[in-house]
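S.K.: what's the 3D shape of this:
(2 chains)
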Protein chains: 2
Amino acid sequence: MRKIAIIGVGLIKWGELWETSLRQIAAEAVFNCLEDAGTDRIDSMFIGNMSGGLFNGQEHLSSLIPDQMGRNNIPAMRVESACASGGMAVRTACIEVASGISDYAVAVGVEKMTDISGQEATYALATAADQDYEAFHGVTFPGLYAMMAKAHMDRYGTTRDQLSSVVIKNHLNGSMNPNAQFPFKITSEQVMKSPMIADPLRLLDCSPITDGAAAVLITTVEEAKKLKRQPVLISGFGHASDSIALSSRKDILQLEAVELSAEKALKMADKTIKEIDFAEFHDCFSIAEILVLEALGVVAHGDGGKASMDGLTALDGSFPVNSSGGLKSKGHPVGATGVAQICEVVTQLRGEAGERQLKNIKTGLTQNMGGSAGSSVVHILEVI
Amino acid sequence: MRKIAIIGVGLIKWGELWETSLRQIAAEAVFNCLEDAGTDRIDSMFIGNMSGGLFNGQEHLSSLIPDQMGRNNIPAMRVESACASGGMAVRTACIEVASGISDYAVAVGVEKMTDISGQEATYALATAADQDYEAFHGVTFPGLYAMMAKAHMDRYGTTRDQLSSVVIKNHLNGSMNPNAQFPFKITSEQVMKSPMIADPLRLLDCSPITDGAAAVLITTVEEAKKLKRQPVLISGFGHASDSIALSSRKDILQLEAVELSAEKALKMADKTIKEIDFAEFHDCFSIAEILVLEALGVVAHGDGGKASMDGLTALDGSFPVNSSGGLKSKGHPVGATGVAQICEVVTQLRGEAGERQLKNIKTGLTQNMGGSAGSSVVHILEVI
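M.R.: Predicted structure coming up:
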């Protein structure tokens, strides 16, 4: 396989984008990405999108998005793995280029979630859970993650303040990200005063409903030398699945898909977790970031809450997580999230993250998951 | 890239499968495929499915299907390109193995379309068209293909009997396929007496609503030698897109995505269309098979209707098309169709097609498309 690199990243301002459509925001992110890369060459395109069908009454984005760009004949395909759709699109583009099938592949993630009501969006998101054994009985994602949070508090003594420390840190980071949906700081008092969604998770423990898109251009390290930007090496990727229903897991606090996907990516990159300088994690809920921190072995099982509270994952901590603001502050347009994580790591490794720039970093990791970690995909990126 | 081959195929009886669920039929097809191959090894899985969201309220099949199989941790991903989802899943599995990322990859296509009403299914299918510029205004797929049929009749003098010849031939073939949804012959009179759906297309010009699944196991030619079955080489694949709305095409009778995807696959296999012995085409409507015959250059533009009528594409013709019965007789569970096409070509090349067995064949082609050919994927398979 050929060595591959990211040569361009494209983002747009995320939020409730009522003036623009699904196809427009996807095309805009790709155009921004091409402009960043300084080329307009695309050999193939991979589109991460969870549910154009339920959110927009529109499937077949493989035809829609190249069409909108005026590039009708680009070979394109949509990939889906619930909220891990974006990461899966990047992985597929990586293999497309590494194998030699394409020299330039775009991965674009997009979700337009506010075209329907909040109740309908909650239903659409719940289709990532087990329809027969979970969703049908009324459980939605805040409920599933609340069960994990309760179990974590019960088994390890994780506290309310420890959960809050995750979202306060992510909002602080997001306040320095101009593309974030909610680019402002929040306090512990605000978290505690926000409405209870599913005990113990309050509104400010939950990532929001977002319209957004993100794109990256992948090429070979060899080809990248011809372009103006400093390429960022993709040295590893891995994905794995787990049971879709939480009730089928051996232990609801052990995210096996996350463990296995990280193990595979690290092995491919010939690295251990200790050699990773920073990461973007899938913090769909405050508890999720804690569970991922433990699943990746950054800290021992049970220590995630305390480590967050102690500042391990802050911008100036020894393992910064979600410098972008994470899903919590940046927003969570589900199909776009995994691609935007890659954009953040590339931006950091290029030293272009402005106010939120991390120091002395060479290697970053992204972790993106679907449902209650029924699927997970991890990428490792390095300065060349 | 490594040379790759199909080593196992798995089908189930298609129809209105009200007693079984989406997850069950997908798992059954994969188990049948593993049994056929004589191995239970799966390194990764690619799931072709158009709209679990709209048909079944279930996304995240990448977690659901390995889970149902009791193989939780298999890395899996769903791919979608409307009715070309199955073919795209096969293409993705091919690259996965050719690149060396996996040694054994399953592509499984599945769609469970009868869990909702016919009207809801028509809406779900129409999400493969342009929601803003086609579906919103009331046009559905029979209407889109009817426009193509009308234009073909007008420009080239294609007749009603020529359209009928396609579906009569496919039902004759399907009558010899025990897995077909409608395994019986039809007559010209039956076509003419069937209800008008969208002039000139009658009910018997249209492929049906179907529940079904199909799976193939792909490995390297090298690995395949260790297994009991005769492998079938996958020597070429290609895909391409076109505008999603018919109104944006230069010519609604020219299927550019089909032309380009075939061109790519043939180039990769180092073949011309004259070296292809038989094919499975995407005959979602009678006119579609005629248009594809022309797009692939088997006959000149305008000659497809006459060629069908003259028996070119019959089992004993010089270029047999849809020996399986095609989408028309075999059924069209949209996400499964592209995978089932591969199953048929493999079954023919193995000489195991029973009553419908073709003679003197070495090389077969599959052509699978989404929407009104807004996307298309082609594979070339050969006896080793």
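S.K.: which SSE is residue A:307 in?
M.R.: Element membership for residue A:307 (DSSP states H and E) is helix A:304-309.
S.K.: ok, residues contacting that helix?
M.R.: Counting by C-beta atoms under 8 Å, 6 or more residues apart in numbering or on different chains, helix A:304-309 makes contact with A:152, A:156, A:158-159, A:161-163, A:165-166, A:169, A:289-291, A:293-294, A:298-299, A:313, all of which sit outside it. (Each C-beta comes from the backbone N, C-alpha and C, glycine too.)
S.K.: What residues of that helix count as buried?
M.R.: A:304-309 (16 or more other C-beta atoms under 10 Å in any protein chain shown).
S.K.: Can you tell me which of these is closest to residue B:332?
M.R.: residue A:304 (48.4 Å; C-beta to C-beta).
S.K.: how close does the closest one sit to residue A:58?
M.R.: Counting by C-beta to C-beta, to the nearest Å, the gap from residue A:304 to residue A:58 is 38 Å.
S.K.: Kindly report the same for residue A:264.
M.R.: Counting by C-beta to C-beta, the gap from residue A:264 to residue A:58 is 33 Å.
S.K.: Next: residue A:2.
M.R.: 34 Å.
S.K.: Neighbour count: these two, which is higher?
M.R.: Set residue A:2 next to residue A:58 and count neighbours by other C-beta atoms under 10 Å in any protein chain shown: residue A:58 wins out with 26 against 14.
S.K.: quick one: that one and residue B:129 touch, right?
M.R.: No. Using C-beta atoms under 8 Å, residue A:58 makes no contact with residue B:129, being 9.1 Å away.
S.K.: and the next helix or strand after the helix holding residue A:307, how far out from the chain's middle?
M.R.: Using DSSP H and E, the helix or strand that follows helix A:304-309 towards the C-terminus is helix A:326-330. The chain centroid and the centroid of helix A:326-330 are separated by 9 Å under C-alpha atoms, centre = their mean, to the nearest Å.
S.K.: Also stretch A:10-23?
M.R.: For stretch A:10-23, the distance to the chain centre is 17 Å (C-alpha atoms, centre = their mean).
S.K.: Export it to PDB, keeping only CA atoms.
M.R.: In PDB, the C-alpha atoms belonging to stretch A:10-23 read as follows (Å, rounded to 0.1, in the frame of the first residue of the first chain):
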ATOM      1  CA  GLY A  10     -12.600  22.300   4.500                       C
ATOM      2  CA  LEU A  11     -15.100  23.400   7.100                       C
ATOM      3  CA  ILE A  12     -18.100  25.800   7.300                       C
ATOM      4  CA  LYS A  13     -19.700  27.500  10.200                       C
ATOM      5  CA  TRP A  14     -22.000  25.000  11.900                       C
ATOM      6  CA  GLY A  15     -25.300  25.800  13.500                       C
ATOM      7  CA  GLU A  16     -29.000  25.800  12.500                       C
ATOM      8  CA  LEU A  17     -28.500  26.600   8.900                       C
ATOM      9  CA  TRP A  18     -32.100  27.200   7.800                       C
ATOM     10  CA  GLU A  19     -31.100  29.200   4.700                       C
ATOM     11  CA  THR A  20     -29.100  26.500   3.000                       C
ATOM     12  CA  SER A  21     -29.800  22.900   2.000                       C
ATOM     13  CA  LEU A  22     -28.100  19.600   2.500                       C
ATOM     14  CA  ARG A  23     -26.500  19.600  -0.900                       C
END
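S.K.: So which residues make contact with stretch A:174-187?
M.R.: A:11-15, A:167-168, A:171-172, A:204, A:208, A:210, A:212, A:324-326, A:328-331, A:354-356.
S.K.: hmm, which of those residues are the buried ones?
M.R.: Applying 16+ other C-beta under 10 Å to the contacts of stretch A:174-187 flags A:11-12, A:14-15, A:167-168, A:171-172, A:204, A:208, A:210, A:212, A:324-326, A:328-331, A:356 as buried.
S.K.: follow-up on the earlier one: please check the contacts of helix A:304-309 and keep the buried ones.
M.R.: A:152, A:156, A:158, A:162-163, A:165-166, A:169, A:289-291, A:293-294, A:298-299, A:313.
S.K.: pLDDT below threshold where in chain A?
M.R.: Judged against pLDDT under 70, chain A has no low-scoring part.
S.K.: the strands in it, which residues?
M.R.: Taking DSSP state E as the criterion, chain A carries its strands at A:4-11, A:44-48, A:76-80, A:105-112, A:196-198, A:201-202, A:211-220, A:232-241, A:278-280, A:363-370, A:375-383.
S.K.: Show me how the record splits chain A into domains.
M.R.: Chain A is divided into the following domains under automatic domain parsing: A:4-117+A:210-232, A:138-208+A:235-383.
S.K.: Those residues of the stretch 151-300 of chain A touching chain B, which are they?
M.R.: A:238-245, A:248, A:256-257, A:260-261, A:264 (C-beta under 8 Å from any C-beta of the partner chain).
S.K.: Restricted to buried residues, select these in PyMOL.
M.R.: Buried residues among those (16+ other C-beta under 10 Å), as a PyMOL selection:
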select buried, chain A and resi 238+239+240+241+242+243+244+245+256+257+260+261+264
